[in-house]
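Engineer: take this sequence and fold it.
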Amino acid sequence: MAEVVIVGSADEAGELGAELVQRLVAARPDAVLGLATGSTPLPLWQALIRRRLDLSRVRGFALDEYIGLPTGHPESYRAVIAREVVEPLGLTPELVRVPGDDGGPLELAGAAYERAIAEAGGVDLQVLGIGRTGHIGFNEPGSSLASTTRVKTLTEQTRVDNARFFPSLDEVPRHCLTQGLGTILRARHLLLFAFGEAKASAIAGAVEGPVTASLPGSAIQLHPLVTVIVDEAAASQLRHADYYRFAWENRLDVER
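Structural biologist: Numbers count the residues shown, from 1 in each chain. Sure thing, here's the model as predicted:
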C-alpha cells in the first residue's frame, strides 16, 4: 500500500517532499532524482530552494520531453527544467538528462535513455504528478505496465491541459518521448503529488482502484515504496481517507 499523506496546502506538501530529498542527499550526495515538470512539483522545488542544500553532485533524469519543438523553445522540458530546477537549486547542468538529448536518431532515443539511467545506477527518488487522464509521465491510458522509454502520441485532453503553457492549442506538440511505466517502477522510491479537485478521480483510481493500463497511475500499486502527498481537494474521492490520516498521525519510523 502506498503511504498517502493528506495535507492542508501545496506548500505543506512541498516541505514534506523536500524533507525526503534532504534525507536522501545527506545519505548519498550524488543521488539520482527523477524530475517531473509542470506546475505540480513547483512547491517541492520552491521548498528545496529555501533549504539551500548543496545539490551540485545530484544527478537528474527528466520524465519526458516534447517532440517537434525547436531547440531553445521555452516550453521544451529541457528549458523548463533548466529554468525551474537546475538553476535555482544549483544542480550541475551536465548531470541532468532529458529524453532525446543525446542527439541520436529518434528511433533509438528511448533505448539510449534507458542505458543512461542504468549506467547512473538507477533512479533513487522519482518525482511524479498525475494528469486528469491518470497519466504519469506521458504514459497515456492504454500504456503497457512494462513499457520503457519510447515515443508516444498525446491525448487531446493532455494537449488541452498543457495549452496554458503555449500561445494556442495548435502549438502544443502531439508527440513526446517519455519514460515508460516499467522505467518509473524501477526507481527505488516514488513520490507523487496531486493538488485540486480536478485530480481527485485520478488519485482515487491510482491509489484505490484496480491496477489497469486504462489508468496508468494505478501502476504505483505495484511498487514497494510509494509516497503520495495530496491536498484535501485531491483526496476528496479517497474511500479510506480517514485511515490515511490516522496512519500518518500514528506512523512509526520503521514503517514503509
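Engineer: how about low-confidence regions in this protein?
Structural biologist: Scanning the chain for pLDDT under 70 picks out 254-256.
Engineer: and the residue nearest the centre of it?
Structural biologist: Note on the chain: the residue nearest the mean C-alpha position is residue 128, at 2.0 Å, using Cα atoms, centre = their mean.
Engineer: doesn't residue 136 make contact with that residue?
Structural biologist: Yes: under the criterion of Cβ atoms under 8 Å, residue 128 makes contact with residue 136 at 5.2 Å. Every C-beta, even on glycine, is put in place using the N, C-alpha and C of the backbone.
Engineer: how many other residues sit next to residue 213?
Structural biologist: Per other Cβ atoms under 10 Å, the neighbour tally for residue 213 reads 18.
Engineer: hang on, the earlier thing: what residues are shared contacts of residue 128 and residue 136?
Structural biologist: 63, 184, 192, 220 (Cβ atoms under 8 Å, 6 or more residues apart in numbering).
Engineer: most neighbours among those, which one?
Structural biologist: With neighbours defined as other Cβ under 10 Å, the most crowded of the shared contacts of residue 128 and residue 136 is residue 63; it has 29 neighbours.
Engineer: could you find the closest non-adjacent residue to that one?
Structural biologist: The shortest distance from residue 63 to any non-neighbouring residue, by Cβ to Cβ, 6 or more residues apart in numbering, is to residue 137 (4.4 Å).
Engineer: dump the residue contacts of residue 139.
Structural biologist: Per Cβ under 8 Å, 6+ apart, neighbours of residue 139: 147, 152, 178, 180-181, 184, 216.
Engineer: same thing with residue 52?
Structural biologist: Residue 52 touches nothing, counting by Cβ under 8 Å, 6+ apart.
Engineer: roughly how far does it sit from residue 88?
Structural biologist: According to Cβ to Cβ, to the nearest Å, residue 52 stands 11 Å off from residue 88.
Engineer: again, but for residue 8
Structural biologist: Plainly put, residue 8 is 25 Å away from residue 88 if you go by Cβ to Cβ.
Engineer: give me the more crowded residue out of the two.
Structural biologist: Shown here are residue 8 and residue 88; by other Cβ under 10 Å, residue 88 has more neighbours (13 against 9).
Engineer: all strands in the protein, in order from the N-terminus.
Structural biologist: 3-7, 32-35, 59-62, 64-67, 96-97, 125-128, 150-153, 175-178, 189-194, 226-231 (DSSP state E).
Engineer: I'd like the ones you listed laid out as CSV, including distance to residue 14.
Structural biologist: Output for the strands of the chain, formatted as CSV (distance: least, Cβ to Cβ, whole Å):
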stretch, distance to residue 14
strand 3-7, 9
strand 32-35, 15
strand 59-62, 18
strand 64-67, 21
strand 96-97, 20
strand 125-128, 11
strand 150-153, 28
strand 175-178, 24
strand 189-194, 8
strand 226-231, 9
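Engineer: kindly state which of those strands is positioned closest to residue 208.
Structural biologist: Residue 208 lies closest, by Cβ to Cβ, to one member of the strands of the chain: strand 3-7, at 9.3 Å.
Engineer: strand partners (parallel or antiparallel) of that closest one?
Structural biologist: strand 226-231 (parallel) (DSSP bridges).
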